[in-house]
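Asks: attaching a predicted model along with its sequence, questions to come.
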Amino acid sequence: MKSTFSVALLALIGAATSTVLPRSCPESSQFGVLTATPTNLKPGETFSINADFTCAVQQFNIVPKYLDYYIEVLENSNNGHEPPILLARRQFSGAHPLKDHFRIALPRTNYVAGAPYVVQLDVTYPINGTDGKPVFIQGGTEASLNITS
């Protein structure tokens, strides 16, 4: 009886310990994991944007307040004169699961053929200031897109 109880207790402790350990998240996930599908698009075509903030919240304690999604040309590419195009500005719900998902049409505007475009996600989140009041800062992540005419 004693050995059965010991085995059951050890199994229970092992199960509890394995659920308490933090996930292993790469540093690149600190502002979320962003995907855009499909990645080959023409202006006017609809695509999906998915952002997963599980690692950002649970591992890095970055809880988004606002999410701004843009189409951008990578820095130091083509002519460097294309301003970002705002796709969506969303408020993070913080609901479980810690994800944001929506579908949107690629805006009909002029794109430079062969330019390396990305969906850029800017995450605005609070940290405690030196006086204990929240200060909002920003970080971001991106997902590649191939835009053809």
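Replies: Done, it's in.

Asks: for the residue positioned nearest the centre of the chain, give me phi and psi.
Replies: For the chain, the residue nearest the mean C-alpha position is residue 32 (2.7 Å; CA atoms, centre = their mean). With angles defined as degrees, to the nearest 10, residue 32 sits at phi 110, psi 160.

Asks: could I get the contacting residues of it?
Replies: Residues in contact with residue 32, defined by CB atoms under 8 Å, 6 or more residues apart in numbering, are 51-53, 55-56, 64, 121, 123, 141. For every residue, glycine as well, the C-beta is placed using N, CA and C.

Asks: from residue 123, how far out is it?
Replies: Residue 32 sits 6 Å away from residue 123, going by CB to CB, to the nearest Å.

Asks: just the contacts of residue 32: which are in helices?
Replies: Mapping the contacts of residue 32 onto helices (DSSP state H) picks out 55-56.

Asks: most widely separated two among the contacts of residue 32?
Replies: Among the contacts of residue 32, the pair separated by the greatest distance (CB to CB) is 55 and 121, at 14.0 Å.

Asks: want to try JSON lines for the contacts of residue 32, with neighbour count and pLDDT as columns?
Replies: Listed next are the contacts of residue 32 as JSON lines, based on neighbours: other CB atoms under 10 Å; pLDDT from 0 to 100:
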{"residue": "51", "neighbour count": "26", "pLDDT": "97"}
{"residue": "52", "neighbour count": "17", "pLDDT": "96"}
{"residue": "53", "neighbour count": "26", "pLDDT": "96"}
{"residue": "55", "neighbour count": "22", "pLDDT": "96"}
{"residue": "56", "neighbour count": "25", "pLDDT": "96"}
{"residue": "64", "neighbour count": "26", "pLDDT": "96"}
{"residue": "121", "neighbour count": "25", "pLDDT": "98"}
{"residue": "123", "neighbour count": "24", "pLDDT": "97"}
{"residue": "141", "neighbour count": "19", "pLDDT": "96"}
